[in-house]
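Participant: quick one: sequence and predicted model below, then my questions.
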Amino acid sequence: MNKNYFFLIILIFFSFEVNSIEKKIFIKKTENEHIITNVDIDNEINFITTLNPNLANVDKKKIYKYAENNLVNEKIKISELSKFYEINNSEVLSTEIIMRFARKLEINDLEEFKEYLKKNNINFKEFLDKIYIEHLWNSLIYKKYINQVKIDEEDIKKKLLVELESQSQKQSYFLHEIIYSVTNENEIEIKKNEIINSIKKIGFENTASLLSASESSKFNGELGWIEENQLSKSIKNEIKNIKIGEYTNPIKIRDGYIILYLKNKKSEKKNFDIDEIVKKQIAFERNRKLNEFSRQYFKKIAINQQIE
């Protein structure tokens, strides 16, 4: 696995006073000191909301705390990373890593992304520097722990094969419906019997045209072909218990009851790229375990630091 594609955002939260003018992080072992001011926090808020516009409407105190925590975590990581790497070398970041952020904003052109950042008062070099910290952190975690990540590829493949086998057949049903409602419990059996008797006399489709409350009554209650995965669990279970030409018992729905008529059904074979699915699942498991190591390592180094 290419370590450049192992991209994590790790956030570990601490408690601070929101109203303070500045924060000091004292690194015991290295005697380094970092100061976080309210201006830094305001800039971080702008950075966060520019890359995640959906956070713009979050409560101000929450986004302030979120930004503050991000900066504290970043400073802690920088202090640790400086032991292993040259920090000021963000130009080496690949376009692919940069464009991951752009594509989240539905931007597919690098120059357009740069312009977007500029409009939001974010210098592109500063953007690179910030994501480079995460890139280096991921590289560090990868180097330290990749040999401890054990993945049983055969077990994953076996489990996926069983799961995919159950999904290999796409079942579809051609359905008609009758929907009806009642005003009180006394009417439930009366209405049901009225509809069932009508079906026996003139057929389901004609009954749907006459008695169904659904818009589909204009088309004899026809719903057309419906894939099994589009049906609710309760309806799916009822459909599986009937044969072509039969109809279900009344099924409770939000606005009343529905009776479904199975006019036809068909199965289609789904084709899966097993190797590709297995590959993605293995990558997911590897990243999940590396993520766990990352949290543990961060927690360990954070203990050696004081927040003032």
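Facilitator: That came in fine, so what should we check first?

Participant: could you list the buried residues of the one helix or strand E276 maps to?
Facilitator: Following DSSP states H and E, one finds E276 within helix 274-303. Judged by neighbour count (16 or more other C-beta atoms under 10 Å), helix 274-303 contains these buried residues: 277-278, 281-282, 285-287, 289-291, 293-294, 297-298, 302. Where C-beta positions appear, they are placed from N, C-alpha and C, glycine not excepted.

Participant: can you pull out the low-pLDDT segments for the stretch 101-250 of the chain?
Facilitator: 166-168 (pLDDT under 70).

Participant: which residues in it form strands?
Facilitator: Secondary structure of the stretch 101-250 of the chain (DSSP state E, counting those that start in this stretch): strands located at 169-180, 222-227.

Participant: dump these to CSV, plus mean neighbour count and distance to K77.
Facilitator: Listed next are these as CSV, based on neighbours: other C-beta atoms under 10 Å; distance: least, C-beta to C-beta, whole Å:
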stretch, mean neighbour count, distance to K77
strand 169-180, 19, 47
strand 222-227, 14, 47
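
Participant: which of those sits closest to L105?
Facilitator: strand 222-227 (32.7 Å; C-beta to C-beta).

Participant: starting at the chain centroid, how far to that closest one?
Facilitator: How far strand 222-227 lies from its chain's middle: 29 Å, per C-alpha atoms, centre = their mean, to the nearest Å.

Participant: with stretch 66-81 instead?
Facilitator: The answer for stretch 66-81 is 25 Å, by C-alpha atoms, centre = their mean.

Participant: rounded mean pLDDT for that stretch, please.
Facilitator: Averaged over stretch 66-81, pLDDT sits at 90.

Participant: before we move on, back to that, tabulate the strands of the stretch 101-250 of the chain (TSV), appending distance to D155.
Facilitator: Rendered in TSV, the data for the strands of the stretch 101-250 of the chain read as follows (distance: least, C-beta to C-beta, whole Å):
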stretch	distance to D155
strand 169-180	25
strand 222-227	31
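
Participant: nearest to I242, of those?
Facilitator: strand 169-180 (9.9 Å).

Participant: and the angle for the closest one with strand 222-227?
Facilitator: 150 degrees (axes from the mean of the first three to the mean of the last three C-alpha atoms, to 10 degrees).

Participant: can you spell out which helices and strands pack onto strand 169-180?
Facilitator: helix 186-202, helix 204-211, strand 222-227, strand 256-269 (3 or more C-beta pairs under 8 Å, 6 or more residues apart in numbering; DSSP states H and E).
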